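S.K.: Fold the following and give me the result.
(chains A, B, C and D)
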Number of protein chains: 2
Amino acid sequence: MAGFERYYKILRLFSEEKGLWTVAEIAKSLNKPTSTIYRNVRELVAAGFLESTVGSHFRLGSAIVEFDRTNSKTDPLIRSGLDYLEGCAAASPVSCSIVLARLYGNTVMCVADARTEKFNRVTSYERGRPMPITRGATSRAILAQLRGRRLNRVLQASELKGDTEQGQFITELKEIRSSRMSTTRGEVDPGLIGCAVPVTNKDLGIEASLSCIFVDDDTVSKVTPKVFANLWSFAKLIENQMQSVVDEIAATTH
Amino acid sequence: MAGFERYYKILRLFSEEKGLWTVAEIAKSLNKPTSTIYRNVRELVAAGFLESTVGSHFRLGSAIVEFDRTNSKTDPLIRSGLDYLEGCAAASPVSCSIVLARLYGNTVMCVADARTEKFNRVTSYERGRPMPITRGATSRAILAQLRGRRLNRVLQASELKGDTEQGQFITELKEIRSSRMSTTRGEVDPGLIGCAVPVTNKDLGIEASLSCIFVDDDTVSKVTPKVFANLWSFAKLIENQMQSVVDEIAATTH
DNA sequence: TTCGTAATTATCATATAGTGATAATTTGGC
DNA sequence: GCCAAATTATCACTATATGATAATTACGAA
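M.R.: Below you'll find the predicted structure:
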């Protein structure tokens, strides 16, 4: 184990399911002596990435909250989301959750969201939660923007095994690409519909999507066109704002 | 430079003011050769803590968002905040921002917040933003819980120089400690009042405060008692929920 | 409070892995 | 398809992480 990886592997152990670890547990899990782990944990505590707590346990530290703020203030996609998502939810023709998600490694992750006041369903696309890339409108609207070896790499890492299955999926993606819209019913959360449109900025290397998630009832066929109209208009706003960031950078560099 | 520190120093360069860095800039800032920084940056990119973007710049990466979610799901204080802060704002007798803040090194940092719908003032206590520890009701309600060398260490690092100044401040803190309430007017943000009450859990080593920040007008003297009543009742709820976490841990350990 | 166990830190010889100057390669803008 | 800048690879040299062990500290139970 070397470099940043050794710290990263420790941090990665802390999860929603198991948020508390003792040094002994970490050492056992990583096959390392406790003396080494003590040293590494101490460094992470000093930096605020870990904190010690009751019963000689450790948990994630508040430095993460601080970095999350800096990231939210400086990431063009998140900034756009914070500026527009409330408005997008307010303008939505249906009570819903609005999700701004992006490609994150071989997963898709929501980085900003908003919901109408009345919408109280639990949804899988929570901010910061990596989701499988082949399921749901949110993910497909992102995947549809990828091509060539980039797409292949992601698909290889996915749950889609076999060329036939992947071939059929790629055909679906092409349709999404040309229509700029993706819809799935109950594929991620039962009883919920997802509608998503792509959000891109080539210069920034951002492949993202803007989604509207709402309850699947008999008004769906009537409301869906309005949902997409709303998503398209806000996707455009978000893309424009991201482009203005690119222009700023270009101005600073010269 | 050694251990986690070398990565930490790189990450720390990324701020709200300067969120984009080239390898050359980092190398210059840290007095290191570019070849070394390239290697370190590559590791951070591989882990998702940094991302490359336009113009050979780098910015903070989305792994931070993922860790922030895990932290929010597992930190007892933040969890309590997410569960109760909306309700606290809704029950507030005045349009306001509700802030749950904690001690973070030698600073105070908001880790969760909520605001009433109409309250649209910009406030300094944003989630994830470290604030100086000697100013504002939010900070003082936390400081008032500290004693002995713990308090001294924090005060030494503060802007309060000189024993007289510190002595006077400590007297103030004692009053806050006994009354369990702290109020400041315009000390952090002009035209705004802050009311704060302590939130503690000894077992978890958490020193925090719950604050209500609202506009300073001529209704203040009438509304303040109700503000504190509201804060105290929710502080109690939050403390109870944190204690239940301690009990859970104790149950698991035995 | 004292005791005793577990948790944490310190020590140090050894081996490993980071360093940095340089060269090779890739990338991206005219 | 060219050139300059960005990025990666190479490698001898050290600095530093490692891990077994010992020393210290913290903490819960009598």
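S.K.: Can you name the residues of the stretch 151-254 of chain A that neighbour chain B?
M.R.: A:203-205, A:246, A:249-250, A:253 (C-beta under 8 Å from any C-beta of the partner chain). For every residue, glycine as well, the C-beta is placed using N, CA and C.
S.K.: List buried residues within those.
M.R.: A:203-204, A:246, A:249 (16 or more other C-beta atoms under 10 Å in any protein chain shown).
S.K.: Identify, from those, the entry nearest to A:Thr224.
M.R.: A:Leu204 (29.9 Å; C-beta to C-beta).
S.K.: tell me which element the closest one is part of?
M.R.: Applying DSSP states H and E as the criterion places A:Leu204 outside every helix and strand.
S.K.: Quick check on it: phi, psi?
M.R.: phi -80, psi -10 (degrees, to the nearest 10).
S.K.: Ok, A:Thr53 next?
M.R.: The phi/psi pair for A:Thr53 (degrees, to the nearest 10) is phi -140, psi -170.
S.K.: which residues does it contact?
M.R.: A:20, A:59, B:204-205 (C-beta atoms under 8 Å, 6 or more residues apart in numbering or on different chains).
S.K.: Out of those, the closest to A:Gly81 would be?
M.R.: A:Arg59 (27.9 Å).
S.K.: Is the helix or strand hosting that closest one positioned near chain B?
M.R.: In the assignment (DSSP H and E), A:Arg59 maps to strand A:57-60. Yes - for strand A:57-60 and chain B, the contact criterion (C-beta under 8 Å from any C-beta) is met by A:57, A:59-60.
S.K.: From these, list the buried ones, please.
M.R.: A:57, A:59-60.
S.K.: returning to what we had before: could the residues of strand A:57-60 next to chain B go into a markdown table alongside distance to B:Pro93 and pLDDT?
M.R.: Converted to a markdown table, these look like this (distance: C-beta to C-beta, whole Å; pLDDT from 0 to 100):
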| residue | distance to B:Pro93 | pLDDT |
| --- | --- | --- |
| A:His57 | 39 | 95 |
| A:Arg59 | 35 | 96 |
| A:Leu60 | 35 | 98 |
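S.K.: closest to chain B among those?
M.R.: A:Leu60 (4.3 Å; C-beta to the nearest C-beta).
S.K.: And that closest one, how far from B:Lys202?
M.R.: 21 Å (C-beta to C-beta, to the nearest Å).
S.K.: lowest confidence element among the helices and strands of chain A?
M.R.: helix A:148-156 (a mean of 81; mean pLDDT, DSSP states H and E).
S.K.: Let me see the contact set for the most centrally placed residue in chain A.
M.R.: The centroid of chain A falls nearest to A:Met109 when counting by C-alpha atoms, centre = their mean (1.2 Å). Contact analysis of A:Met109 by C-beta under 8 Å, 6+ apart lists A:101-102, A:128-131, B:62, B:65-66.
S.K.: Mind checking which of those are in helices?
M.R.: Assigned to helices by DSSP state H, the following of the contacts of A:Met109 qualify: B:65-66.
S.K.: since we're on A:Ser15, how many residues are nearby?
M.R.: Neighbourhood size, A:Ser15 [other C-beta atoms under 10 Å in any protein chain shown]: 12.
S.K.: next one: the one 10 residues further on
M.R.: A:Glu25 has 15 neighbouring residues, counting by other C-beta under 10 Å.
S.K.: For it, give me the pLDDT.
M.R.: At A:Glu25, the pLDDT value in this model is 97.
S.K.: what does the one 5 residues further on give?
M.R.: Note on A:Leu30: pLDDT of 96.
S.K.: Isn't it up against A:Val41?
M.R.: No - the pair A:Leu30 / A:Val41 is not scored as a contact, 11.2 Å apart, by C-beta atoms under 8 Å.
S.K.: Which one's more surrounded, the two?
M.R.: Shown here are A:Leu30 and A:Val41; by other C-beta under 10 Å, A:Val41 has more neighbours (22 against 16).
S.K.: May I have the helix or strand hosting that one as CSV, with CA atoms only?
M.R.: For A:Val41, the enclosing helix or strand under DSSP H and E is helix A:34-46. Provided in CSV are the C-alpha atoms of helix A:34-46 (Å, rounded to 0.1, in the frame of the first residue of the first chain):
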residue,chain,number,x,y,z
THR,A,34,-2.2,-1.7,14.5
SER,A,35,0.9,0.4,15.1
THR,A,36,0.9,1.4,11.4
ILE,A,37,-2.9,2.1,11.4
TYR,A,38,-2.6,4.2,14.6
ARG,A,39,-0.1,6.4,12.9
ASN,A,40,-2.2,6.8,9.8
VAL,A,41,-5.4,7.4,11.7
ARG,A,42,-3.6,10.0,13.9
GLU,A,43,-2.7,11.9,10.7
LEU,A,44,-6.2,11.8,9.4
VAL,A,45,-7.5,13.1,12.8
ALA,A,46,-5.0,15.9,12.7
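S.K.: Next, report how far it is displaced from the centre of its chain.
M.R.: Centroid separation for helix A:34-46 versus its chain: 30 Å, with C-alpha atoms, centre = their mean, to the nearest Å.
S.K.: So which bits of that helix are buried?
M.R.: Buried, per 16+ other C-beta under 10 Å, within helix A:34-46: A:37, A:40-41, A:43-45.
S.K.: looking only at pLDDT, what's the mean for that helix?
M.R.: On average, helix A:34-46 scores 97.
S.K.: helices or strands next to it in the packing?
M.R.: Using 3 or more C-beta pairs under 8 Å, 6 or more residues apart in numbering or on different chains; DSSP states H and E as the contact test, the elements touching helix A:34-46 are helix A:4-13, helix A:23-30, strand A:50-53, helix B:4-13.
S.K.: between the second one and helix A:4-13, how many degrees?
M.R.: Looking back up the chat, that one is helix A:23-30. 110 degrees (axes from the mean of the first three to the mean of the last three C-alpha atoms, to 10 degrees).
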